[in-house]
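[1] make a model of this:
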Amino acid sequence: MPTVAPVDLDDHCLAVTFLGEVPTFAMASGLVVRLDHGTHRHELHDGLLTATPSWNGKALISGGEDGKVMQLDADGTETELRGPARKWVSAVAPGPQNAVAFSEGKNVTVLLADKTERHFEEARTVEGLAFAPKGLRIAMARYNGVSLAFVNGNAPALDFEWKGAHNQVLFSPDGRFLVTAMQENALHGWKLDGKPGGEQRHMRMTGYPAKVKSLSWSSKGKWLASSGAPSAIVWPFSGKDGPMGKAPLELGQRADTMVTCVAFHPIEDLVAIGFGDGMVLAVRIADSKEALLRRPGQGPISALAWNKPGRLLAFGSQAGDCGVVDIAG
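    This next block holds a predicted model:
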């Protein structure tokens, strides 16, 4: 039976991760809490807007209303990657070779490991960022699509157009697909392995009753799980055309509450699903078998993250009731 170690942080939890083996909770106030043989508190921002683990999983990269971009290492070392500024940092993304990207309004900055910077400007506000899994290419989600730019060199950005507001962007782990979450209760995708100059291949994933705020790829990229419905909507991406012409799986369906967060297990085809009433389930892809990891709590689940071996699951909620589940008990 799974065991839960609760942590009450009394604040909206925006992100959770494991820095090595250290559960780390990033709160909307700007507080980041590490559970490392005791509770360690780091006041990183005056208002946190975005936080994500680094490419190697050993640090947390965050941006805030104060314009700062911060890095917090597993041992508690705080590094200011960019000092206070007038504009809010609304998205951050870690990249290979220790690159970090952040956006403020229409502008995107990529900080490289050798301290050089690359700057990109879009016509509209950049809402989401992601690095390609291979090579330093950065995707910038904006109104009416995504721009895909090479960090090095002066090649013009590739534009992937689709009408509407795109506020999150992800590459598939194999780099073959680009997927966005939209304002319009939908996902949109593009195939990236077409011929140069050929027609763009679109993937429309619609039918959600609410906005998709959480997305997670399975470890090998065969599946993409999403929130925004009474069950986790899991799209198949194993074929050459991704989910086109195929129905998604609907896992963990409940009649009275919505899925608010999803996180695929790092090794197995198993997805953790957080709900609007604070419940957390684990559901296996192969047979839809469910395991209750946490009973309903005070607020909607807003963040989920597995540790690397996949034995521990950290969770956070909008009400600040957070914790760590040991699925082996």
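
[2] rest of the way, CA atoms for contacts and neighbours
    Fine.

[3] how about low-confidence regions in the stretch 201-329 of the chain?
    By pLDDT under 70, the low-scoring segments of the stretch 201-329 of the chain are 329.

[4] and stretch 32-52, end to end?
    12 Å (CA to CA, to the nearest Å).

[5] with stretch 16-23 instead?
    Across stretch 16-23, the terminal residues are separated by 7 Å (CA to CA).

[6] name the residues that touch it?
    Among residues not part of stretch 16-23, those counted as contacts by CA atoms under 8 Å, 6 or more residues apart in numbering are 24-26, 34-36, 52-53, 57-60, 73-74, 303-308, 314-316, 324.

[7] how about a cut-off of 6 Å?
    Stretch 16-23 is contacted by residues T24, F25, R34, L35, D36, G57, K58, A59, A74, A303, A305, N307 when judged by CA atoms under 6 Å, 6 or more residues apart in numbering.

[8] who does R284 bridge with?
    The bridge-partner assignment for R284, based on DSSP bridges, gives L270.

[9] state the distance from it to F120.
    Remark: distance between R284 and F120 (CA to CA) = 41 Å.

[10] with A247 instead?
    In this structure, A247 lies at 37 Å from F120, with CA to CA as the measure.

[11] now K308
    From K308 over to F120 (counting by CA to CA), the distance is 33 Å.

[12] in the stretch 101-250 of the chain, which spans are strands?
    107-111, 117-121, 128-131, 137-150, 158-171, 177-182, 187-191, 202-205, 215-217, 223-226, 232-236, 249-251 (DSSP state E, counting those that start in this stretch).

[13] tabulate those strands (CSV), appending mean neighbour count.
    Compiled in CSV, these are given as follows (neighbours: other CA atoms under 10 Å):
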stretch, mean neighbour count
strand 107-111, 20
strand 117-121, 14
strand 128-131, 25
strand 137-150, 23
strand 158-171, 19
strand 177-182, 24
strand 187-191, 21
strand 202-205, 18
strand 215-217, 23
strand 223-226, 25
strand 232-236, 24
strand 249-251, 19
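
[14] and these: which comes nearest V100?
    strand 107-111 (5.2 Å; CA to CA).

[15] the closest one pairs with which strands, parallel or anti?
    Here, using DSSP bridges, strand 107-111 pairs with strand 100-104 (antiparallel), strand 117-121 (antiparallel).

[16] only alpha carbons, please: show that strand as CSV.
    Extracted in CSV, the C-alpha atoms of strand 107-111 (Å, rounded to 0.1, in the frame of the first residue of the first chain):
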residue,chain,number,x,y,z
ASN,A,107,11.5,38.8,-26.1
VAL,A,108,13.4,35.5,-25.5
THR,A,109,16.9,35.2,-24.2
VAL,A,110,19.1,32.1,-24.3
LEU,A,111,21.9,31.9,-21.8
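
[17] out of the contacts of stretch 16-23, which sit inside strands?
    If you go by DSSP state E, those have T24, F25, R34, L35, A59, A303, A305 in strands.
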